[in-house]
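Trainee: Pasted the sequence and its predicted model underneath.
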Amino acid sequence: MASFEFATASQILFGAGWLSRIGPLAAQAGQRVLVVNGRGAGMAGELFDILAQAGVQALEFEVPGEPTVELVQQGVDYARQERADLVIGFGGGSALDVGKAVAILLTNPGEVLDYLEVVGKGRALVPPPLPCFAVPTTAGTGAEVTRNAVLGVPEQQVKVSLRSAHMLPRLALIDPQLTYSLPPEVTASTGLDALTQLVEPYFSNRAMPLTDAICREGMPRAAGALRRVYENGQDAAAREQMCLASLFGGLALANARLGVVHGFAGVLGGLLQAPHGVICAGLLPFVLEANLRALQARQPDSPALARFDEVARLLTGNATATASQGIAWVQDLCQALQVPPLAAYGLRREHFPQVIEKSARASSMQGNPIVLSEAELGVILEQAI
């Protein structure tokens with residue numbers, strides 16, 4: 001019998017127009033709420049009105065770009081100064097991650113770097129956080145149901161995680177209507193992130209029956225909806241499917257592991273000014289090829305090999321699709337969504353040794369179904385530029 005653990009947000013609400021339900025829930029959790037608001041989260045005014053009607057005082061903390069250690073510390077200081085007793089992350093993955101990080105650091109002593117993995121001290125976050133709600137306005141990261149926050153450390157040119165089971169939000173509220181106004185390029189980058197976060201956990205060495213079921217359900221949803229919503233952002237049915245795919249990806253990665261794509265993405269995200277989903281898309285087909293070749297050569301009896309054809313069938317909708325056809329489908333999708341090569345964002349061959357060395361220490365790398373050599377990792381980067 002399989003043994004596994006599965007954990008997620010205490011409550012998940014999903015439905016078009018369901019932002020309206022957050023007022024009474026917030027009032028039950030606190031009276032002074034820090035709203036960590038992402039740049040361009042155009043529905044923030046509606047959220048503030050809903051909170052005011054529920055008698056909750058809202059304090060705004062804006063996340064202008066990618067989350068960093070310094071920004072999180074500023075949020076902690078502001079929330080402490082204003083005596084916030086509830087945190088709501090409202091926006092894309094950056095806002096949600098900052099919200100989760102602020103909520104838990106308000107109850108744990110010390111600085112962010114005391115708890116950060118890889119480049120920090122990696123201490124355990126022990127006391128539970130302030131109550132935290134997560135309301136995504138994009139469909140990609142699944143951060144509303146994950147137990148970590150990805151933070152940039154600019155001086156070391158890397159992104160790494162603050163991680164704890166306590167960081168799972170008390171409430172994840174997903175309202176597809178909040179994504180209707182996303183521009184095509186954001187729809188593409190976040191949607192490709194969602195797709196990657198359904199594919200990698202399915203191949204992960206920590207995959208389990210429950211995450212497998214979630215990934216099998218999510219992959220065809222993303223595959224069928226992403227092009228549609230990229231071409232027509234007002235396609236309500238496609239927006240709903242992408243929000244479900246994003247949620248499922250978050251559930252999967254929080255309970256299984258990821259792989260080489262995200263192992264690289266954390267480092268490349270600190271090095272390049274490129275959207276996370278674009279980095280993932282630029283790597284995904286080449287990582288799939290490298291994993292397939294390595295497994296065939298070194299672990300031909302690996303159960304992960306049987307999954308390549310299955311993923312191809314889930315993505316293409318073709319019951320006889322093979323692994324190579326699935327990889328080709330991913331490449332075609334990236335072209336249709338106009339994903340540029342990583343060289344367009346400044347990745348150069350002279351970066352490869354540093355990127356490979358740092359990526360090898362990333363926790364996501366440990367989930368890959370097979371350990372890839374430095375030479376194999378170098379080939380992936382060469383293909384991605």
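Mentor: Thanks, I have it.

Trainee: okay, CA-based contacts and neighbour counts for the rest of this
Mentor: OK.

Trainee: which secondary structure element contains Pro127?
Mentor: For Pro127, there is no enclosing helix or strand under DSSP states H and E.

Trainee: my bad, should have said Ala134
Mentor: According to DSSP H and E, Ala134 maps onto strand 132-136.

Trainee: Give me the distance between the residue nearest to the spatial centre of the chain and Pro169.
Mentor: Residue closest to the mean C-alpha point of the chain, counted by Cα atoms, centre = their mean, is Thr141 at 2.9 Å. Separation of Thr141 from Pro169 (Cα to Cα, to the nearest Å) stands at 14 Å.

Trainee: returning to what we had before: tell me which strands the strand holding Ala134 pairs with, and in which orientation.
Mentor: Paired with strand 132-136 in the same sheet, following DSSP bridges, are strand 86-91 (parallel), strand 171-174 (parallel).

Trainee: chain center to the helix or strand following that strand: distance?
Mentor: On the C-terminal side of strand 132-136, the nearest following helix or strand under DSSP H and E is strand 148-153. Centroid separation for strand 148-153 versus its chain: 11 Å, with Cα atoms, centre = their mean, to the nearest Å.

Trainee: One more: stretch 253-261?
Mentor: For stretch 253-261, the distance to the chain centre is 10 Å (Cα atoms, centre = their mean).

Trainee: first to last residue in that stretch, what's the distance?
Mentor: 13 Å.

Trainee: hang on, the earlier thing: export the strands paired with strand 132-136 as CSV, with columns for mean neighbour count.
Mentor: Below are these laid out as CSV (neighbours: other Cα atoms under 10 Å):
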stretch, mean neighbour count
strand 86-91, 30
strand 171-174, 26
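
Trainee: Show me which positions of stretch 325-339 end up buried.
Mentor: Across stretch 325-339, burial judged by 16 or more other Cα atoms under 10 Å covers 325-331, 333-334, 337, 339.

Trainee: What are the contacting residues of it?
Mentor: Outside stretch 325-339, the residues that touch it by Cα atoms under 8 Å, 6 or more residues apart in numbering are 185, 188, 227, 230, 278, 281-282, 284-285, 288-289, 308-309, 311-313, 315-316.

Trainee: ditto for stretch 360-374
Mentor: Residues from elsewhere that reach stretch 360-374 (Cα under 8 Å, 6+ apart): 118, 160, 200, 203-206, 257-260, 262-264, 266, 291, 294-295, 304, 356, 359.

Trainee: Need the residues that contact the least confident helix or strand in the chain by mean pLDDT.
Mentor: Every helix and strand in the chain was compared by mean pLDDT, DSSP states H and E; the lowest is strand 158-163, with a mean of 87. Strand 158-163 is contacted from outside by 101, 115-119, 125, 147-153, 266-271, 362, using Cα under 8 Å, 6+ apart.

Trainee: nearest to Glu217, of the buried residues of stretch 325-339?
Mentor: The nearest member of the buried residues of stretch 325-339 to Glu217, counting by Cα to Cα, is Gly326 at 16.7 Å.

Trainee: what helix or strand does that closest one sit in?
Mentor: Counting by DSSP H and E, Gly326 is found in helix 323-336.

Trainee: Show me what the helix or strand just after that helix is in contact with.
Mentor: Counting by DSSP H and E, the next helix or strand C-terminal to helix 323-336 is helix 352-359. With Cα under 8 Å, 6+ apart as the contact definition, helix 352-359 has outside contacts at 263-264, 266-268, 365, 374, 377-378, 381.

Trainee: tilt between the very next helix or strand once past helix 352-359 and helix 352-359?
Mentor: Sequence-wise, the next helix or strand downstream of helix 352-359 (DSSP H and E) is helix 374-384. Angle of helix 374-384 versus helix 352-359, following axes from the mean of the first three to the mean of the last three Cα atoms, to 10 degrees, is 110 degrees.

Trainee: in helix 374-384, what counts as buried?
Mentor: Neighbour counts using 16+ other Cα under 10 Å place 376-378, 380-382, 384 of helix 374-384 among the buried residues.

Trainee: Restricting to C-alpha, output that helix in PDB.
Mentor: Extracted in PDB, the C-alpha atoms of helix 374-384 (Å, rounded to 0.1, in the frame of the first residue of the first chain):
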ATOM      1  CA  GLU A 374      26.100  18.600 -15.700                       C
ATOM      2  CA  ALA A 375      26.600  17.800 -19.400                       C
ATOM      3  CA  GLU A 376      22.900  17.000 -19.700                       C
ATOM      4  CA  LEU A 377      21.900  20.100 -17.900                       C
ATOM      5  CA  GLY A 378      24.200  22.100 -20.100                       C
ATOM      6  CA  VAL A 379      22.400  20.700 -23.200                       C
ATOM      7  CA  ILE A 380      19.100  21.800 -21.900                       C
ATOM      8  CA  LEU A 381      20.300  25.400 -21.400                       C
ATOM      9  CA  GLU A 382      21.900  25.300 -24.900                       C
ATOM     10  CA  GLN A 383      18.600  24.300 -26.400                       C
ATOM     11  CA  ALA A 384      16.700  26.900 -24.400                       C
END
